[in-house]
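Student: Predicted model follows, preceded by the sequence.
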Amino acid sequence: MTTNAVHTPFNDRCIIRTTAMQLTHKPVTDMQTVKSVHYLFIGIMLMMLIPFCTRVSAAVATDSTTFGKAAFASDAKGEIIMGKAVYTALPIYNAECNDDGKYLCIQTREATKKGVWKNKGSICMFDSGNMSQLWETDIKYNSTQLSLTNHGLILTYDTQNTSDWLYTTEMRDLNTGQVVWRNELIPIYYNDSLNIVIGYEHPFTKTVKALNLSDGNIRWINEIPNNNTFGWTNPTVMDGTKLVVVNNDIYVIDMSTGRMNSAEADTSTPWAKGIIMDGLAGLTLTIGAMPSTGTTSMFIPATVGRRIFGLNSNVVTEGSRFYISDRNRIYCFDHDMHQIWSSELPDKSGSSAYMTLSGDRLRLLNHGLGMAMGYAPVKSGRPFVAEFDAATGRQLSFRMLADKKEMVVGTAAGPSGDNIVFDNMITHIARNDTAPTTTMWDYKSHGRIKAVLNKSCCALKPDGTMFKMPAYDCSELWVITEKDSVFVLNQAYDITGSYPLSNMYVSLFESADYSCVEACTDKQDFWLVKSDGTPYRHFFEDTKDIIKTGDKIIAVKPGQLVFLSTAQKE
């Protein structure tokens, strides 16, 4: 495992934001949304069907934005810094740049007097260079999804044909907003660099289609069953065009031809506590806000109500081989899906797992959990760490990490080994192959551990004058407990500091001079912070998000975007 690696099951890039928000019961807009910098996934929520039409208006609406000046932030002395502003007629729901940063897409949305979002709104596309509006179109948000790519804006919406369960996907030109192409498709994966989008015709079919992002022409049609899951996990590109995905089984898809090879796998299991929801009758799309761009799996895989899914590892590639695990075994395949070897795991103890390759040794950390209802972690299998010979599959070591079913809360690398964190204990696995050591956590005094924070976190000190920055030598472990407290632990797991969760911040992006950090809790608070923890800029309370594109930092506010050039001299 890489020295600075931090892995958390299912959502290793956004552990601080999503976990902290869940702990404080913030509405899960971040579970419905994946932003280009912060998130790995795009949300599908399991909900009852919404009874009204959700078509996207094909007509380009009237330009509803104006320009002016507004307060951008305050400096260390409290003096106000002004920036250029774009004002919108409706409140801004979300804003996002595409992957190359040339276009800025703003979503506006009507709200009630109490601040509840309505179904109506609009999409406004801007040239991020000069902030001029290019086009605008009306949208009904429910059951509609947006995906901003370099080729255009993908819109997927329910056609309200309940007998056939059809969804329409269309591509809008980024400069004009005109529809470039339209097809019956639920996108699962797209790749900007390969000019391809892949998806199912509708939720109940096994027919998969691949289209060009640029013109919508069909490249190929094939079949991948989706009996237990809908969506793909761990999409991994090999040899430029081959895509490894895990659905019910493991597939290698040649994206240029559609040729598929598969191997049977055991990646889900019945869930005794599952709600009654057979099939995908409750599946609808939800927009949430703008998803990530570039190469992405477009949906969080949703599962039928009585199954736990995601009981497999990430994909590790090396040369002409790739490695993956499921509930029963760890496998080695070549890129055409021919099995080179497999090695058995203890009786169905496999679950969500994280695999690394170092030299000729494969290391598998089994988390002891799976995912239910598309988003909820539940206990499954047993937590363990095992090593295998990468050439032959021979098991080199195996250690159970708990006496019974337990879920790994998170992991963090330390100077001498890895910290495997449970809600009531921390296990240290040294790199010299000595036996793991376990330290019990005083959960009666401090609360059970709910999450492990990675190195992008920091804490505002009680006097508000400085930030406590993470130790970059990995000598500290930061954990959140169920009592909404954050504890800083040294290598002996002694508590060296503690902060309320409300004082915790996560980095949104970094530059050579500072980091932009956001509060972890439901308060919206943004700062620019220097590497030594000195506050540099403090954004105002009405700021909803911060975006960096090119030489601009953009503050997103309810009815305006305020932007400032980073090249501007003070």
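Tutor: Done, it's in. Numbers count the residues shown, from 1 in each chain.

Student: What is the subsequent helix or strand relative to the worst-scoring helix or strand of the chain on mean pLDDT?
Tutor: Taking mean pLDDT, DSSP states H and E as the measure, helix 29-32 is the helix or strand of the chain with the lowest mean score, a mean of 29. Next helix or strand after helix 29-32 toward the C-terminus (DSSP states H and E): strand 65-75.

Student: How far away from the center of its chain is that next one?
Tutor: The chain centroid and the centroid of strand 65-75 are separated by 30 Å under CA atoms, centre = their mean, to the nearest Å.

Student: next structured bit after that strand?
Tutor: Next along from strand 65-75, by DSSP H and E: strand 80-88.

Student: between that next one and strand 65-75, how many degrees?
Tutor: Here strand 80-88 runs at 150 degrees with respect to strand 65-75, directions being taken by axes from the mean of the first three to the mean of the last three CA atoms, to 10 degrees.

Student: by contact count, what packs against strand 80-88?
Tutor: On a contact count with 3 or more CB pairs under 8 Å, 6 or more residues apart in numbering; DSSP states H and E, strand 80-88 meets strand 65-75, strand 560-565. For glycine as for every other residue, the C-beta is placed from the backbone atoms N, C-alpha and C.

Student: Can you point out the buried residues in that strand?
Tutor: Within strand 80-88, the residues scored as buried using 16 or more other CB atoms under 10 Å are 83-88.

Student: Direction included, what does it pair up with?
Tutor: Next to strand 80-88 in the sheet, as set by DSSP bridges, lie strand 65-75 (antiparallel), strand 560-565 (antiparallel).

Student: ok, and which of these has the densest surroundings?
Tutor: Among those, the stretch with the highest mean neighbour count (mean count of other CB atoms under 10 Å) is strand 560-565, at a mean of 20.

Student: Quick check, pLDDT for residue 39.
Tutor: Listed pLDDT for residue 39 reads 28.

Student: now do residue 191
Tutor: Looking at residue 191, the pLDDT reads 92.

Student: Residues in a beta bridge with it, which ones?
Tutor: Note on residue 191: beta-bridge partners by DSSP bridges are residue 196.

Student: Just the residues contacting whatever helix or strand residue 126 lives in, thanks.
Tutor: Here residue 126 sits within strand 117-127, counting by DSSP H and E. Here strand 117-127 makes contact (CB atoms under 8 Å, 6 or more residues apart in numbering) with 52, 54, 61, 64-65, 86, 88, 90, 93, 102-112, 132-142, 146, 153, 174, 177.

Student: What angle do strand 65-75 and the next helix or strand after it make with each other?
Tutor: Following strand 117-127 in sequence order, the next helix or strand is strand 132-140 (DSSP H and E). Put simply, strand 132-140 runs at 100 degrees to strand 65-75, going by the same axes, to 10 degrees.

Student: who does the helix or strand that comes right after strand 132-140 touch, helix- and strand-wise?
Tutor: On the C-terminal side of strand 132-140, the closest following helix or strand by DSSP H and E is strand 144-148. For strand 144-148, the elements it packs on are strand 103-111, strand 153-158, judged by 3+ CB pairs under 8 Å, 6+ apart.

Student: looking at these, which has the lowest confidence?
Tutor: Note on the helices and strands packed on strand 144-148: strand 153-158 shows the lowest mean pLDDT, a mean of 89.

Student: Residues in contact with that one: which ones?
Tutor: Residues from elsewhere that reach strand 153-158, judged by CB under 8 Å, 6+ apart: 53-56, 105, 123, 125, 139, 143-148, 166-172, 174, 185-187, 190, 197, 213, 284-285.

Student: Can you mark which positions in that strand are buried?
Tutor: In terms of neighbour count (16+ other CB under 10 Å), strand 153-158 has its buried residues at 153-158.

Student: ok, now stretch 464-481?
Tutor: For stretch 464-481, the neighbour count (16+ other CB under 10 Å) marks 466-470, 474, 476-481 as buried.

Student: Restricted to strands, list those.
Tutor: 467-468, 477-481 (DSSP state E).

Student: now those as TSV including pLDDT and distance to residue 372?
Tutor: Formatted as TSV, those follow (pLDDT from 0 to 100; distance: CB to CB, whole Å):
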residue	pLDDT	distance to residue 372
467	96	37
468	94	36
477	94	28
478	95	28
479	95	24
480	94	22
481	95	24
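
Student: what's the closest of these to residue 444?
Tutor: residue 481 (11.2 Å; CB to CB).

Student: Verify the contact between the closest one and residue 452 for me.
Tutor: No. Distance between residue 481 and residue 452: 11.1 Å, which falls outside the contact criterion (CB atoms under 8 Å).

Student: correct me, but residue 380 touches residue 353?
Tutor: No. Applying CB under 8 Å as the test, residue 380 and residue 353 come out as separate, 11.0 Å apart.

Student: returning to that earlier point: right, so of the helices and strands packed on strand 144-148, which gets closest to residue 342?
Tutor: Closest of the helices and strands packed on strand 144-148 to residue 342 is strand 153-158, at 37.6 Å (criterion: CB to CB).

Student: Pull up the pairing partners for the closest one, direction included.
Tutor: When pairing is defined by DSSP bridges, strand 153-158 lines up against strand 144-148 (antiparallel), strand 167-172 (antiparallel).

Student: Please export the C-alpha coordinates of it as PDB.
Tutor: What follows is strand 153-158 as a C-alpha-only set of coordinates in PDB (Å, rounded to 0.1, in the frame of the first residue of the first chain):
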ATOM      1  CA  LEU A 153     -24.100  18.300 -22.200                       C
ATOM      2  CA  ILE A 154     -25.800  14.900 -21.800                       C
ATOM      3  CA  LEU A 155     -29.400  15.000 -20.600                       C
ATOM      4  CA  THR A 156     -31.300  11.900 -19.600                       C
ATOM      5  CA  TYR A 157     -35.000  12.000 -18.800                       C
ATOM      6  CA  ASP A 158     -38.000   9.800 -18.400                       C
END
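
Student: Return the distance of it from the chain's centre.
Tutor: 20 Å.

Student: Could you tell me the angle between it and strand 117-127?
Tutor: Angle between the axes of strand 153-158 and strand 117-127 is 160 degrees (criterion: the same axes, to 10 degrees).

Student: residues contacting residue 132?
Tutor: Shown in contact with residue 132 (CB under 8 Å, 6+ apart): residue 126.

Student: Let me know the pLDDT of it.
Tutor: The model reports residue 132 with a pLDDT of 91.

Student: Tell me the spacing between it and residue 547.
Tutor: 17 Å (CB to CB, to the nearest Å).

Student: just residue 504 next, same as before
Tutor: With distances taken as CB to CB, residue 504 is found 22 Å from residue 547.

Student: Tell me the spacing between residue 109 and residue 136.
Tutor: From residue 109 across to residue 136, the span is 13 Å (CB to CB).

Student: Alright, I will stop here.
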